[in-house]
Structures are given as C-alpha cells and as structure tokens.
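Novice: For reference, the sequence and a predicted model appear below.
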Amino acid sequence: MQVDTTTLTKTETDTITITIDGVEVKTTKGKRILEAALDNGIYIPNLCALRDIKLPTGACRLCQVQIEERRGTITACSEPAADGMVVHSNTPEVNELRRKILQIMLARHPSVCLTCHRRERCKPGDICLRLVSVTEDQCVLCPKNGRCELQRAVDFIGIEEQPYPYKSKGFPIEMDNPFIVRNNNLCILCGKCVRICQEVRGVEAISFNLRGYETYIGGAFGKTLSESGCKSCAACVDVCPVGALTEKNGRYAGLPDRVVTTICPYCGVGCQLNLEIKDEKIIRVVPDPEGPANKGQGCVKGKFGLDFVGHPDRLTTPLIKKNGQFVEASWGEALDLITAKLRNYRGDQFAAISSAKCTNEDNYVFQKFTRAVMGTNNIDHCARL
Amino acid sequence: MTNSIEEIGDARCILAIGTNTTDDHPIIALEIKKAIDKGGKLIVADPRKIDLVSRSHVWLRQRPGTDVALLMGMARVIVDEDLLDKAFIEERCENFEEFKDSLRSFDLNHVSEITGVPAAQIVEAARLYATHGPSSILYAMGITQHSHGTDNVMATANLAMLTGNIGKPSSGVNPLRGQNNVQGACDMGALPNVYPGYQGVAAPALVEKFEAAWACALPAEPGIVLTEMFHAMAEGRIKAVYLMGENPVLSDPDAKHIDEALGKLEFLIVQDIFLTETAQFADVVLPATSFAEKDGTFTNTERRVQRVHKALDPVGDSKPDWQIICDIARRMGAQGFDFANPSEIMEEIADVTPAYGGITYQRLDSGGLQWPCPFEDHPGTKYLHADIFVRGKGRFMPLEYKPPREEPDDDYPLILTTGRNSYQFHTGTMTRKSKGFDDMHGEEEVEINPQDAESLRIADGDKVQVSSRRGKVTTKAKITENSPKGVVFMTFHFAETRTNLLTNPALDPISKIPELKVCAVRVEKP
Ligand code: SF4
Ligand code: SF4
Ligand code: SF4
C-alpha cells in the first residue's frame, strides 16, 4: 500500500485560527464558522443547525455574520472557517436582520413567553395580566420554558415590539405515542426533527406535510407516529429547539437541579447518558453528545426506560423468609444469618451467580469472595443467555 | 468486538448474521446506515425478515441452526474462486490446508439444500464479502445460542481470516453484547474457569499469583457453568447459592427444571433491586442499589471501560452490591475486603489484570478507555489483532455441519426461535417497570407465517397454545411474513408467558450456551 504523505502532517496543518468578535479562536480545518464559535463558547443565534451531526441547511438564516473583506452577510452554519478569517457576529446590522426574521417567525409562534417583562418572575399559578387564554401561550405552561432555543435567540437579539399579530395554528396536540408529545402550534418548521429521523436514524417516520401556510410536521403521508414506523428513540425530541416536541413523562418538570453523566444500564453499546435530576428524581434523560459510543444518540430504552429506578416496588430493606413469608429485617439480622449459614457451605456445595447488569467492581468483589472466602470456582453469570 | 463501534460506519461490506441490530443494538444500526450511505454493502443472514433486511443488498434466509453450512459454503466459494488473501493466510495463520480439506463436504448444492438459501445468493454474498473490503462481521445471540454455537463463531472467524478481514480498521469479527456489562462480568472473572483478565484457574502459576495477591489459598479445580449449576442443585450437590442481579427463572431454558432446582436448595441469597420471580425462592433477600445510585464502571461491547456516576442516593436501606459482599466477607473473617470506594477496587483490578493495568478512575474521568490498556499512559486499543493474534497465529478450524439437537417431526412440526422486541428488555425487570413500554408491546405473541397459520386454521390475534417436549404456554398469534414458513418466533420478556418453559437446554459442548434459538414445537388452538 502506498503511504499518503499528506496525511502525515495533517495534525499540524489542521488547526487554524480565526477571529470572532475580536476573540482569536482555534478550530480545525473543515469546521464551519458556527461550529467554531459554539465550540469556543461564542453564541451565534441559530435554530436549524444540527451540530456535529450533519451540515446545516441554512434554513433559519439567523446565524448570518459579516466577514471582513467579504460583501453582505453570510450564514455561519454553511461557511467553512478559513485561517486568518475575521468574523463579526454581533453587529447592529446583522442583529437587525435577525430581528426581522424572528418577528416574522413570531407571527406563527406564541410570543408572550419570549417578550413578557414578567417572565423571569412569573411562577406557575400566577395569574397572567395579559389574560392569554390558550394555555400553551403562557410561558410558564410551555414545557420548554427556560430550555428553549427560540427564547435564547430572542433574548440575545432583543425584541421590544411585535409588528405582526400572532395567529395560532390551531393544531390539536398529538399524544398518541406513549413517550412523545407533539404540539405543532409551537413548531417553527426548522426541519431538524425530520432530518435527524431520516439522515441519522434512517427511519423516515416524519416529514413536512402540506404546503405554504398550512405546512406542518407529522407522520409521513399523514400517518400517526406509531403507524409510520417510529421507533420512539426521541432523537427528534432531543434536537427540537422549541416546545413542539417534548417527552410526555415529566413534561412540565422544568429545569434540572443538576445533571449527572453516566452509562445506560440496558444493552452492551454503552451509551453515555445525561441524567437530569430535580428534587432527587430523574426528570429527563438526554444522550450525551460527548458519549464515545453513541455521540448524542440513544434509544427508547435508555431515554424512557429508567423509571424503574424510582419505582415504588424497589426493595428498601433486607427480607428474611420465615414460615414461607418474607419478613422485613435489619442488615445486622440478615448478615448474621448469612454468615452463620454460609460457613457450613464452603467449597463446591456453594455457587455464586453474578450479574451482567452489575459493575466491574461488583463482579470483581463477588468472584474474589467466591474464590477466596467460599473456596470454590463455582461462579458464573448470564453471559450465555 | 475485535473492532470499535465507530469503525463500522467505514466498513465497505457488513455481514450481519444472527443479529436483529435495529431492535437490539440501535446505535450499531446507525453505524450500519452510515456505511451504506457511503456506498457500503450489507449482507443480512437471518431466517426472520428483520428490519435490516429492507436495507440489505443480499438477504440470506437460512433455516434456523444451519449457519455453519452457510458460512462454510461462503468460504468454499471464496476458495474455489480464489478470492482469498494469500499473503495474510501465509503470514498470520495456520492449519489452512486442513481447513481447506473440510470444505470438501460443503458443495454448494448440498449447502443450499441444508440452508434453504439459493446457491446464487451464497455466491453473491461470498464475492461481496471477499472483494468489497474492509468487511466487518456482526453477530449476536443468533450465532451463539445453539448446541453448536462455538462452531458458528469459528466459522465467522474462518471467513475473516480467509479474506484478511481482521486486525485492521473497519473489519473484524464483532459479537454484539446484549447486556450492558456482559463484557465486564467476563473480564472480571465472573466465570468458573478464569480469574480476572481471562487468567486460567487451572494454571498453577496463575493460582500462585492470585494466592499471593489475595493472601489466601485458592481452589485448583475449575468450577461449573450456570446451566450445570442448576443440575447440581437439582441433584443436591450444590446446597447454597448467592445470586446477584439475575432472574434465571425467566431467562433460562427449560424453566420448570430451574424452579425445581431452586426449590431444592438449603440456602438461597438473592440480592437485587426488585423482588423478582427468582427472589421469591430466596431465604434472604438483600436490597441493592440500581446503576443510578452507584459509582463504578461498565465495559461495553467494544471493550470500552466507562465510568458510571452516582446520580441519586440509595433507596431506603439499599446498598451497592460490592459493599454488601464486602460486609459479608469481613464478617466471615476474610482479609482483603476493606475497600472504601469502587475506585480502590479498580486499583486492585488494575494490579491483577494485565489488560486493565493502565485503567484508573482519574483517567476514566476524561472519557472511557478500551482494553487492552496495560500501563498508565497506554492510550487503549481500538481494534485487536493488529500485528499478531493473541494466540500467535490465527488458527483455521475445519468444521462439519451438525443439525440442531431437536428437529421438527410429526408431533412437533414447527421450529421455535426466540429473541427480543425493541420495546422490552430481557426478562422485563426494568422495562416493565417504566411507563409506556407495555403500551407499545405489553404481551407475548407468537409470530407465525400466513401459510402455517392457514393450515392450522389460526387467525391473527387468536389465542393459541404452544407446546414442546418440555412444557406449554398460551399466547396470542400474530400472523406475519416476518416468520418464514415452518418457523415461529417468541420473546422471553413476560412472566405471564414463560417462553423458556419450551426451549431446549441442550448445551454447546464448549461454551455451554443453551440452544435457545431452535427447538421443535406444536402450535394449536387450545
Ligand atoms: S422518535 Fe425517533 S423514529 Fe420516531 S420520529 Fe422521532 S426520530 Fe423518528
Ligand atoms: S417539531 Fe421542532 S424540530 Fe421539528 S420542525 Fe418543528 S420546531 Fe423544528
Ligand atoms: S440507549 Fe439504547 S442503544 Fe444505547 S446503551 Fe441504552 S439500550 Fe443500548
């Protein structure tokens, strides 16, 4: 095989430097300006970019920036970063363009949740002085409040007035899937859900339906989610920038107190998952984009299958069987009984059955116990089943 | 897996055999899609019309249990058409001539007869696999859960060596592990014949090594495997069992026998997060913490050791499994169980396990590490066998076709094969306690081909009785072309319908894996 010498020096020539809003940032060749900015903690408003997954479509046009020595504005999601490039992402000129785009968008998306001056202080149960009647128009009743990308963009750019009157789309809320709720009244038609389902998941369960003003996203050919081959993986929910797609369970749980990164307890892929915790409960599970095996993807089991953790049937105390009935016991009692009994069964009359669900550390200690304390190699687990 | 998950996306040919990847390993299915999008070819070998079939370029619909014939048939084509990687065979392998001789009995017409796959398709698949590399083989329980599962695995390895598709990126022989930490449980020596790191318990030098490390005397005799343990219990040779986080009453073959075996025990400890069907048999039940309440590591199917972080406090009085075991060990007067936390356990693991030698919690904090990772600054290993096989030379295995232990006959005319559904997991202990899953798939069904259904006068949704030589269950019929004629399919997720009352406990002689994928049954209206 011929050695390609160009690849040998790749790592050096790969790193390039660009300047965004006066800050020099390093990025790799081939990255788009938007990725370079976001990677370095610089926010450029965007609603349709699928980061690290597929190239953006340039559909929302919010990420327009100015580049020195280039005319007009250019979408940062499509323009590759080039060494020495000088980018201005936060000028009055681009922000004015963005404001117009957002104002048009807000003619078809409720805006009180974006522009109300009491938003920060408003609590569930407060009476809204604006007397907005449709429930999802009220910010505290939007499941995405506080996590919404549209909110973030509006906050960043600032919108004081809304010249176009809001007209609700009047769609029914779709609840037929047991895990996912779709509220097309909040959909901004960014297309991310359609693209992730098609391009990354390869399922093509959803598509743009109808045209023009009536356009909506739903099961392909007007089918419901379950009829359209949807796998309930919720990749679409994870990328939806607004409240149009949300997890049914814990929809209104709001923002987590903390996020803990761990590994899925189901199959051997080992997806890295971010568990969002609030009031000592898992309120939401989001596959981690940094996960080495899964890169932000997951499946229905990891995403929705962790309710068992907080299930009321969880064992909370040792149980000892007396006269055929389980009776609650203290650890002291249970362990005394076990040590007294196990002493009589050292050697090959004992066997340990370990678990492919438990950690390496659990398994290590268990086999050590079996061999060193019980004096037998009778240990196995269900690898075979 | 010999190779890594992300390498699959760059394979130019993928042979998926005995894996319903879309349902059971969805993330791997995404990589398969990537490979196809880049122009890669997909060969699916499966009796059932699984999701992947719609993306495949060639679908080999072999009869259940005939994989050796199919794979050897492909090998025969590769040899006959001279599509082999001679340099690789010469430099890296041994026993090729004997293997080549054994191919004589795999004449294509004969193979086609055994497997039910047209010869032309076998030829097409073989050519694709051999010439459109790098080629990657993916397999799961559809290959291993047979009375000749080891032969199946060897047949895949033969194919990979024959074409040099091993030891380089995006190739390899890649078993997909069904449970989050099967890989880790094996690595840690939760097996009767090896210590951690696959160090044999029968090798005197290794016994000595562990006796020194653990400061105790160790038994020299290997133990017995799970399936044999149940026989030993039934016969009274094993009297006490300590079982952690397993539910054999639902997962093991010939379930009636399992019930009897557990019933005979003098003392049974079950440690779990729920009072499972198996825990009902226990004398003492110990409450363990779930993965969300503990620190530790899991090792995934690509040998990547990853950090599990405690997210919640333990429920009630429950404790992490390792801590309970250490408590018991200390009470029994044992030394060497004074770990303050899992990180200290990993230090000991690294000390005694060469492949984990360089793994520490500190390093894991910046992403996982793929073993072998023998020392502190070793970066981990993306794919195995790069320059040399673990055993030195790759050994070709001559094979012969052995039919499944139980074949259909007049009394039990259909083949039952078992597997999973994407909305449930294993024995359902976890999925069935989460909202929504039972709505999607809440009861057992037996999938049956329309022709079989017609001749049995069964309509879709009918209640039917499925019986084998070992037991019977009642369930609902689902008529679908996904099952080939003569084959029915069931899962084992439901305590209400114990599919494993039917399955055949016949074991593979080497791996001791039971033949869950093939047994003979009868389906009728009750
Ligand atoms: S849940 Fe998954 S399969 Fe279903 S529509 Fe969303 S992305 Fe597609
Ligand atoms: S549902 Fe969400 S992701 Fe899909 S098009 Fe609408 S706003 Fe975008
Ligand atoms: S999220 Fe799904 S694919 Fe990922 S590890 Fe869990 S079960 Fe496997």
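Specialist: Yep, it's here. Ligands and ions are numbered 1, 2, ... in the order given.
Novice: element containing residue 62, please.
Specialist: Just going to use chain A. Here A:Leu62 sits in a region with no helix or strand, counting by DSSP states H and E.
Novice: Can you tell me which helices and strands the helix or strand of chain B with the lowest mean pLDDT packs against?
Specialist: None of the helices or strands of chain B scores lower by mean pLDDT, DSSP states H and E than helix B:248-251, at a mean of 75. On a contact count with 3 or more Cβ pairs under 8 Å, 6 or more residues apart in numbering or on different chains; DSSP states H and E, helix B:248-251 meets helix B:255-264. (Glycine included, C-beta is placed from N, CA and C.)
Novice: care to break chain A down by domain?
Specialist: Domain ranges of chain A: A:13-90, A:169-253, A:258-310, A:321-381, per automatic domain parsing.
Novice: Any part of the first one near ligand 1?
Specialist: This means domain A:13-90. No: judged by Cβ under 6 Å from any ligand atom, domain A:13-90 and ligand 1 are separated, with a smallest distance of 12.0 Å.
Novice: how much distance is there from stretch A:372-385 to the middle of the chain?
Specialist: Here stretch A:372-385 is found 39 Å from its chain centre; the criterion is Cα atoms, centre = their mean, to the nearest Å.
Novice: Do me a favour and average the pLDDT over that stretch.
Specialist: Computed over stretch A:372-385, the mean pLDDT rounds to 84.
Novice: Restricting to C-alpha, output it in PDB.
Specialist: Presented in PDB, the C-alpha positions along stretch A:372-385 are these (Å, rounded to 0.1, in the frame of the first residue of the first chain):
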ATOM      1  CA  ALA A 372     -11.000 -16.600  48.400                       C
ATOM      2  CA  VAL A 373     -13.700 -16.900  51.100                       C
ATOM      3  CA  MET A 374     -16.000 -19.600  49.900                       C
ATOM      4  CA  GLY A 375     -13.200 -21.600  48.400                       C
ATOM      5  CA  THR A 376     -14.800 -22.600  45.100                       C
ATOM      6  CA  ASN A 377     -14.600 -21.600  41.500                       C
ATOM      7  CA  ASN A 378     -18.300 -22.100  41.100                       C
ATOM      8  CA  ILE A 379     -19.100 -18.600  39.800                       C
ATOM      9  CA  ASP A 380     -20.900 -17.700  36.600                       C
ATOM     10  CA  HIS A 381     -23.300 -15.100  35.200                       C
ATOM     11  CA  CYS A 382     -25.800 -15.000  32.400                       C
ATOM     12  CA  ALA A 383     -23.300 -14.100  29.600                       C
ATOM     13  CA  ARG A 384     -24.700 -17.200  27.800                       C
ATOM     14  CA  LEU A 385     -28.300 -16.200  27.800                       C
END
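Novice: Tell me, how many residues neighbour the spatially closest residue to A:Gly170 that is not a sequence neighbour?
Specialist: Leaving aside its chain neighbours, A:Gly170 sits nearest to A:Asn185 (7.2 Å; criterion: Cβ to Cβ, 6 or more residues apart in numbering or on different chains). When neighbours are counted by other Cβ atoms under 10 Å in any protein chain shown, A:Asn185 registers 20.
Novice: what does A:Leu225 give?
Specialist: A:Leu225 has 20 nearby residues by other Cβ under 10 Å.
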